[in-house]
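J.: test case, fold it:
(one chain, ligands or ions: 3)
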Amino acid sequence: MIQLHDKQFVPFITAKEIEFALTKMVAQIEDDFIGETPVFIGVLNGSFMVVSDFMKLYKKPCEVSFIKMASYEGTETTNDVKQLIGLNQDLTGRSVIIIEDIVDTGNTLVELKELFKKQNVKHFKIATLFFKPEAYTKDVKIDYVGIRIPNKFIVGYGLDYDGLGRNLPEVYKLKE
Ligand code: 5GP
Ligand code: MG
Ligand code: MG
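T.: Ligands and ions are numbered 1, 2, ... in the order given. This is a model prediction of the structure:
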């Protein structure tokens with residue numbers, strides 16, 4: 001068990017399970033983009049660790065960039081998604097694959113989709129390591145999912161609780 005601020009968290013997903021899920025996602029994406037040079041776009045802050053491990057497994061030509069969005073305060077999602085760092089790259093005609101740490105309500109995805117509508121991209125795909133199907137309220141298609149999880153608050157592997165826990169190499173869930 002670990003303590004972050006006022007809350008306790010218990011082990012939930014191991015580093016091995018994460019690696020296994022990422023390996024599967026990478027293989028699938030490599031297959032789907034043969035002959036192309038996709039641009040992976042990580043959604044900061046949470047995705048920094050997923051993107052790093054993902055890129056090390058991805059053996060084909062590709063580019064990587066980041067965008068920064070934020071919607072969470074504490075352990076509750078807010079409907080207001082802010083774009084904190086924008087894209088400074090021309091993505092016209094490119095195959096863009098968003099890499100998310102986690103998709104919860106889907107508010108961030110809707111916001112991202114809007115943003116990329118204005119760019120004339122060739123493909124717009126979404127990959128997420130973690131997905132909470134019970135919390136998802138949107139109809140934006142998620143193309144690649146690593147691990148489906150119940151509607152619980154998790155930390156670790158890039159995900160934080162008020163700034164803490166991002167450096168944990170495995171995932172913990174809020175103790176009930
Ligand atoms: P959404 O917009 O899909 O509701 O939420 C997306 C963002 O909320 C994620 O990128 C992540 O930053 C945060 N988030 C959603 N669920 C969790 C969770 O279980 N734990 C943590 N630490 N952050 C979460
Ligand atoms: Mg995220
Ligand atoms: Mg957060």
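
J.: Leu168 is in contact with Tyr157, correct?
T.: Yes - the pair Tyr157 and Leu168 passes the contact test of Cβ atoms under 8 Å, sitting 6.5 Å apart. Using the backbone N, CA and C atoms, a C-beta is placed for each residue, glycine as well.

J.: higher neighbour count, these two?
T.: Neighbours were counted for Tyr157 and for Leu168 using other Cβ atoms under 10 Å; Tyr157 has more, 26 against 20.

J.: how far away is that one from ligand 2?
T.: Distance of Tyr157 to ligand 2, computed by Cβ to the ion, to the nearest Å: 12 Å.

J.: do Glu100 as well
T.: 5 Å.

J.: help me confirm that that residue is found in a strand?
T.: Yes - counting by DSSP: H, G, I helix; E, B strand; the rest coil, Glu100 is found in a strand.

J.: any idea how many residues pack against it?
T.: Applying other Cβ under 10 Å, we find 27 residues neighbouring Glu100.

J.: and Gly42, by the same measure?
T.: Neighbours of Gly42 under the rule other Cβ under 10 Å: 25.
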